[in-house]
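Undergrad: below is the sequence, then the predicted model.
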Amino acid sequence: SAVISQKPSRDICQRGTSLTIQCQVDSQVTMMFWYRQQPGQSLTLIATANQGSEATYESGFVIDKFPISRPNLTFSTLTVSNMSPEDSSIYLCSVAAGTLDDASGNTIYFGEGSWLTVV
Amino acid sequence: GNSVTQMEGPVTLSEEAFLTINCTYTATGYPSLFWYVQYPGEGLQLLLKATKADDKGSNKGFEATYRKETTSFHLEKGSVQVSDSAVYFCALRNQAGTALIFGKGTTLSVSS
């Protein structure tokens, strides 16, 4: 299993500012993912962040708005830049444990989420 | 492409009632299937999973069977409790190295 800590857990942000969310994992993982969950909605993948390479962004998300760092196998950050009220969401970090061939693996774990409100 | 379709909510039940939340999927290859639960004010938790056809995932009285012929992974529980009130998400993962694809979620409300 993997235990994921996210900071901040909650924040109220001013329009136009940027906020960096930190994700710390208690074990080394290759694959990390960042999701967004807008109020009352499902989870949408923002990007995949593998150590040693540039993050891969999903359609509708761009690096200038959501820059990601992945300096090592246990840590990543997501920045939400130039925030607007539409960015008010829960942002979740997740990691993949094991592989498809690992009977105890192939599970994706989530952090508690960072609940951002932009005013 | 890959997608997950869940039944629309909210689902409202009385305590001890039988629960079914339908989930069907579209995927290339042979995905792994998951149910996640999100309790009010909390983060997402893995409820159960199945990695191949005919596998049954189970946890906390919940069960789901991977049905390849109907591309389904319906969640069931024989007797729900008030504490089961939460949002339930069906998800798939198509292969190693890829992220989860989620359904829209189904809100379950159980009253005593």
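TA: Perfect, I can see it now.
Undergrad: which bits of chain A sit near chain B?
TA: Proximity of chain A to chain B is confined to A:31, A:33, A:35, A:41-43, A:45, A:48, A:92, A:94, A:96, A:99-100, A:106-113 under the rule Cβ under 8 Å from any Cβ of the partner chain. Heads up, the C-betas are built off the backbone N, CA and C, glycines and all.
Undergrad: so what's residue A:15 up against?
TA: By Cβ atoms under 8 Å, 6 or more residues apart in numbering or on different chains, the residues touching residue A:15 are A:83, A:84, A:85, A:118, A:119.
Undergrad: buried ones from the residues you listed, can you make that a ChimeraX selection?
TA: Typed into ChimeraX, the line below selects the buried ones among the contacts of residue A:15, using 16 or more other Cβ atoms under 10 Å in any protein chain shown:
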select /A:83,118
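Undergrad: so which of the contacts of residue A:15 sit within strands?
TA: Judged by DSSP state E, the subset of the contacts of residue A:15 located in strands is residue A:118.
Undergrad: now the contacts of residue A:15 as JSON lines including pLDDT?
TA: Putting the contacts of residue A:15 into JSON lines (pLDDT from 0 to 100) gives the following:
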{"residue": "A:83", "pLDDT": "97"}
{"residue": "A:84", "pLDDT": "97"}
{"residue": "A:85", "pLDDT": "96"}
{"residue": "A:118", "pLDDT": "97"}
{"residue": "A:119", "pLDDT": "97"}
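Undergrad: ok, the strand or helix carrying residue A:115: who's next to it in the sheet?
TA: Element membership for residue A:115, per DSSP states H and E: strand A:114-118. Based on DSSP bridges, the pairing partners of strand A:114-118 within the sheet are strand A:10-13 (parallel), strand A:89-97 (antiparallel).
Undergrad: circling back: biggest separation within the contacts of residue A:15, which pair?
TA: For the contacts of residue A:15, with distances taken as Cβ to Cβ, the pair at the greatest spread is A:84 and A:119 (10.3 Å).
Undergrad: just checking, what packs against the helix-or-strand element of chain A with minimal mean pLDDT?
TA: Of all the helices and strands that make up chain A, strand A:107-110 has the lowest average by mean pLDDT, DSSP states H and E, namely a mean of 83. In terms of contacts (3 or more Cβ pairs under 8 Å, 6 or more residues apart in numbering or on different chains; DSSP states H and E), strand A:107-110 is packed against strand A:89-97, strand B:32-38, strand B:44-50.
Undergrad: good, wrapping up.
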